[in-house]
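[1] the following comprises the amino acid sequence and a computationally predicted model.
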Amino acid sequence: MKLKIYGKRTLKILSLVIAVVLFIGFTQNRFDNNKIRIDGFYLEEKNSLDVVLLGASEVYTDFSSAMAYDEYGFTSYPYAIESNPLALYKSQIKEILNYQTPKLFVIEMNTAASYGEGKDISVVNDVNLRRYTDNMPLSQNKIDTVNEFSGEDDMLSYYLPFIKYHGDPLNFYRCFYETRMNFTGYSLLKGISTKTEKSPGDGAYNLQGDTSTAELMPESEKELREFLDFCKEENLDNVLFVRFPHRVTNDKRYQRFQRGNRVGEIISQYGYDYLNFENSYEAFDLDFNNDFYNDDHMNIYGQQKFTEYFGRILQNDYGIQTSGISPDVKKKWDESVDYTKRLYKYVGSLTDSGNDRWIYETSYLLFELDNVEQQ
């Protein structure tokens, strides 16, 4: 009898310990827009995406997958993190192909190779590595990536993130950011993150048709050519390289623009297309005063303009047509369109009241959108 009582007590204690460990493991993580976006990718139905966009912050600020689906019928998703370094692109291509067989990869090249001396973010550091690997399921690709880029002294924390993040009390609050997405089972806003703010673009350079170039840093060019070699070796013919719009307001940014043109020349040597929207922006009526929240990123109003324009190019010039998805997946995408339209209406009310806001898919934002009247 005593043995049975002790057994039950031991089982309860073990259950409590396991529950505490799981709770700590869940709450002590980096909960931000990068995690929500990457986690949302893994919730997409396998082999259901027509287009995957790869890159850094421009990818998720400038383009709305739900809006593109509404306008043109194809499915897409941004596999992107803040300051995403070029050296991680090979791993990220492999990761995407483990879950999706896109008709087209769209790869944004700003942070890949266009920075000058003193800021070469083609190099992987601990911060941008963790933005990626913290949110990857365990796989051989994750192990290979951690082994290649992490420091040996802190290796375990890449597999058990709470070792790294347990000292931040805000994680207990932030862990609820993803509750709604996980409950729904898919991303409603499809990974976007942008702002409602409008920043003045006085003095922005007119770069329409400017094809002048500047040389890349040697390390950047080396990384770029190695990545292009990888694409060729893997027979990745379905790759479109792009440079999304930026606002150039000084000579240092102009040199970065020129390096972006040089990136295009190198890409062309490998037989890939490169669309540069920094020197061809008049076609979609880009407004430097109203469509950006800073020089590097479009706000939610510019996002709508650019999505409509770029989506049309993908459909007309690259043959990305209406997706042949199942009725169940279509229902999910239709709901994403609904919530994106609610978002745009909600943002309009913020603008009318003079409030600015950073927009990304937290549970709190989605609950606010529940109360927005449907379009």
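    Thanks, I have the structure now.
[2] for residue 79, helix, strand, or coil?
    Of the three states, residue 79 takes strand according to DSSP: H, G, I helix; E, B strand; the rest coil.
[3] as a check, name the ranges of all strands in this structure.
    51-55, 76-80, 104-108, 193-195, 239-243, 273-276, 292-294, 297-298, 358-360 (DSSP state E).
[4] select, out of those strands, the one closest to residue 329.
    For residue 329, the closest of these is strand 76-80, at 12.5 Å, according to Cβ to Cβ. (Glycine included, C-beta is placed from N, CA and C.)
[5] kindly state the beta-bridge partners for the residue nearest to residue 239 when sequence neighbours are not counted.
    Using Cβ to Cβ, 6 or more residues apart in numbering and skipping residues adjacent in sequence, the residue nearest residue 239 is residue 105, 4.7 Å away. With DSSP bridges applied, the residues forming beta bridges to residue 105 are residue 52, residue 239.
[6] wait, isn't residue 105 in contact with residue 236?
    Yes: using Cβ atoms under 8 Å, residue 105 makes contact with residue 236 at a distance of 6.9 Å.
[7] overlap of the contact sets of those two?
    When contacts are counted by Cβ atoms under 8 Å, 6 or more residues apart in numbering, residue 105 and residue 236 are jointly contacted by residue 93.
[8] which of the two has more neighbours?
    residue 105 (22 against 15; other Cβ atoms under 10 Å).
[9] coming back round to it: the strands of the chain into TSV, with extra columns for distance to residue 227 and mean pLDDT?
    Converted to TSV, those look like this (distance: least, Cβ to Cβ, whole Å; pLDDT from 0 to 100):
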stretch	distance to residue 227	mean pLDDT
strand 51-55	11	98
strand 76-80	15	98
strand 104-108	9	98
strand 193-195	25	95
strand 239-243	10	97
strand 273-276	13	97
strand 292-294	27	96
strand 297-298	23	96
strand 358-360	28	93
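[10] nearest to residue 203, out of the ones you listed?
    Distance to residue 203, taken as Cβ to Cβ, is lowest for strand 292-294 among those, at 13.1 Å.
[11] ok, back up a step: can you lay out the strands of the chain as TSV showing distance to residue 135?
    What follows is the strands of the chain, written out as TSV (distance: least, Cβ to Cβ, whole Å):
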stretch	distance to residue 135
strand 51-55	15
strand 76-80	11
strand 104-108	19
strand 193-195	14
strand 239-243	23
strand 273-276	29
strand 292-294	25
strand 297-298	21
strand 358-360	14
